[in-house]
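# whatever this is, show me its structure:
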Amino acid sequence: MAITEAHAGRCYPPNDPYQVSAAKIAEFATALGDDNPRYRGDSPIAPPTFAVVIAAQAWNQLFNDPELELSLDRIVHGDQRLSFSRPFRAGDVVIATVTIDKVRVRAGSELVWATVDMSGREGDQICATQTTFYHAREALA
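Predicted coordinates:
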């Protein structure tokens, strides 16, 4: 059974905790080419887009759900919105939970809206990301 509108509201179990470290923040900032000093040192904060590193692990639950019949090689990441309560900091232990918000099936393709909530170990929300994925049911030419 392929993904349908009926899958809206499906929430997956929380991911394994993700340990944010100063080294991971610095590596990410370097990959971006961003030399902002806030992303370095003993107590750095992470660049905002660091959230996608954690969200991607949660998205894997959605992509690997056999019931949805999604094929990663036919998915296009269409839109991304981030909402922060605070920045990620070295030492954070982040737990991410993904929920399918909405699905629209149109002419052999699906639009999937999903939210990943990212919270600290104590349950304090750090960030949420709302993402839209386009999935082509058939291989793109």
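
# burial count for the residue nearest to S43 when sequence neighbours are not counted?
Nearest in space to S43, with sequence neighbours left out and distances taken as C-beta to C-beta, 6 or more residues apart in numbering, is A90 at 6.3 Å. Placement of C-beta: from N, CA and C, glycine included. By the other C-beta atoms under 10 Å criterion, the neighbourhood of A90 contains 19 residues.

# how close does A90 get to T49?
17 Å (C-beta to C-beta, to the nearest Å).

# the residue nearest to S43 and P44 touch, don't they?
Yes: because the distance of 5.5 Å satisfies C-beta atoms under 8 Å, A90 is recorded as touching P44.

# and the helix or strand where D79 lies, what does it pack against?
Here D79 is covered by strand 75-84, with elements defined by DSSP states H and E. Identification of packing neighbours for strand 75-84 by 3 or more C-beta pairs under 8 Å, 6 or more residues apart in numbering; DSSP states H and E yields helix 51-63, strand 125-136.

# out of these, the one nearest V76 is which?
Nearest to V76 among these is strand 125-136; the distance by C-beta to C-beta comes to 4.4 Å.

# and that closest one with strand 75-84, angle?
Interaxial angle of strand 125-136 relative to strand 75-84 (axes from the mean of the first three to the mean of the last three C-alpha atoms, to 10 degrees): 160 degrees.
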